[in-house]
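# Just need the structure, nothing else, for what follows:
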Amino acid sequence: MAWFKRTQKGIQTPTEDKKDVPKGLWYKSPTGKIVESKELEQNYYVSPEDDYHVRIGSEEYFEILFDDNKFKELDKNLTSKDPLKFEDSKKYVDRLKEAQKKTGLKDAVRTAVGKSKGKDLVVACMDFRFIGGSMGSVVGEKIARAAAYALEHKTPFMMISKSGGARMMEAAYSLMQLAKTSAKLAQLDDAKIPYISLCTDPTTGGTTASFAMLGDINISEPGALIGFAGPRVVRDTTGKELPEGFQSAEFVQEHGFLDFISHRKNLKDNVNKYIDLILNQHLR
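Residues are numbered from 1 along each chain as shown. Next comes the predicted model:
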């Protein structure tokens with residue numbers, strides 16, 4: 001039974017001295033491609049081999065869009081209450097505290113103003129890490145206030161959506177945000193102030209049913225899931241098999257709901273080209 005015995009002594013490291021690979025050093029894309037986290041960051045959080053756009057949040061988008069990552073955050077300390085005293089398996093107030101502690105965010109959207117290619121730009125960006133990017137009263141209020149700031153200062157407004165839809169713990173209060181944000185965006189339209197909507201993975205539910213599809217120009221990142229109900233719900237409701245690529249950004253663009261799809265590395269250039277075009281400024 002000699003083959004069960006070690007015949008030569010190799011490197012023998014005591015168990016207590018072994019080192020694990022630090023978490024976050026590598027990233028594995030859904031197609032199995034492995035990329036070093038630092039390389040991923042330098043490539044705009046896009047896997048270089050398969051072009052997979054990794055989900056990112058407001059911190060990363062602000063860094064991509066604002067010159068030298070300089071911006072002023074708007075309504076920074078606005079937080080949700082619990083008007084319905086919602087209780088399920090866990091109290092809503094406890095969920096909020098847990099999400100705030102885990103993410104370092106106050107709620108599922110951050111809004112800011114800064115320079116992008118030398119021009120003022122107001123950006124509202126959703127964070128999926130905060131209760132699935134769900135849209136509660138604070139999310140709607142911050143988006144409405146950001147649009148109001150853009151209206152007052154005659155500054156282009158950009159919305160980056162990443163959401164599972166309405167926040168069930170706020171029920172009707174959540175649904176009211178669809179009307180509120182849509183009304184404020186209508187005021188931007190009346191004032192001829194550009195509104196750019198960027199749909200990222202995923203953009204679903206009440207977000208899609210309101211501000212995400214109301215842009216003067218609607219754009220997306222490659223491969224993003226965009227729809228109202230999820231594919232499984234649609235399939236079970238209709239009783240039919242769905243076409244290949246259903247609700248992907250490419251499918252949605254083919255059916256006329258998107259103007260174009262932008263690779264993340266070109267996002268800043270493409271957004272500013274559109275702003276220059278609509279405002280009849282010199283293209284950079």
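
# Buried ones in the lengthiest helix in the chain, by neighbour count?
When every helix of the chain is counted residue by residue (DSSP state H), the longest turns out to be helix 171-190. Of the residues in helix 171-190, those with enough neighbours to count as buried (16 or more other Cβ atoms under 10 Å) are Tyr173, Ser174, Leu175, Gln177, Leu178, Lys180, Thr181, Ser182, Lys184, Leu185, Leu188. Using the backbone N, CA and C atoms, a C-beta is placed for each residue, glycine as well.

# average pLDDT for it?
In this model, helix 171-190 has a mean pLDDT of 96.

# Repeat that for stretch 216-233.
Stretch 216-233 shows an average pLDDT of 93 in the prediction.

# so how far is Gly136 from the closest residue to Ala171 other than its chain neighbours?
Leaving aside its chain neighbours, Ala171 sits nearest to Leu84 (6.0 Å; criterion: Cβ to Cβ, 6 or more residues apart in numbering). For Leu84, the distance to Gly136 equals 11 Å [Cβ to Cβ, to the nearest Å].

# same deal with His263?
As judged by Cβ to Cβ, His263 and Gly136 stand 31 Å apart.

# Those two: which has the busier surroundings?
Of the pair His263 and Gly136, Gly136 is the one with more neighbours under other Cβ atoms under 10 Å, namely 25 against 13.

# what ranges do the helices span in the stretch 1-150 of the chain?
37-42, 58-65, 92-103, 137-153 (DSSP state H, counting those that start in this stretch).

# What are the buried residues along the first one?
Using 16+ other Cβ under 10 Å as the burial criterion, the residues of helix 37-42 that qualify are Leu40.

# Same check on stretch 217-230?
Of the residues in stretch 217-230, those buried under the neighbour-count criterion (16+ other Cβ under 10 Å) are 217-228, 230.

# count of residues packed around Pro231?
13.

# mind listing what it touches?
Under the criterion of Cβ atoms under 8 Å, 6 or more residues apart in numbering, the contact partners of Pro231 comprise Leu242, Phe246, Gln247.

# ok, now how distant is it from Asp190?
Counting by Cβ to Cβ - Pro231 and Asp190 are separated by 36 Å.

# ok so, going back, so which of the helices of the stretch 1-150 of the chain is nearest Asp51?
Counting by Cβ to Cβ, Asp51 lies closest to helix 37-42 out of these; the figure is 12.2 Å.

# sorry, back to before: and the residue nearest to Ala171, how far is that from Val109?
With distances defined as Cβ to Cβ, the gap from Leu84 to Val109 amounts to 20 Å.

# In terms of neighbours, single out the busier of those two.
Neighbours were counted for Leu84 and for Val109 using other Cβ under 10 Å; Val109 has more, 29 against 12.

# which stretches of the stretch 51-200 of the chain have low pLDDT?
Within the stretch 51-200 of the chain, the ranges that satisfy pLDDT under 70 run 89.

# Can you tell me the centre-most residue of this structure?
Nearest residue to the geometric centre of the chain (Cα atoms, centre = their mean): Lys162, 3.4 Å.

# does it sit in a helix, a strand or a coil?
strand (DSSP: H, G, I helix; E, B strand; the rest coil).

# Surely it touches Asp127?
Yes. With contacts defined as Cβ atoms under 8 Å, Lys162 counts as touching Asp127 at a distance of 7.1 Å.

# any common contacting residues for the two?
Counting by Cβ under 8 Å, 6+ apart, the shared contacts of Lys162 and Asp127 are Gly57, Gly133.

# So which of the helices of the stretch 1-150 of the chain is nearest Thr204?
Judged by Cβ to Cβ, the one of those that comes nearest to Thr204 is helix 137-153, at 14.2 Å.
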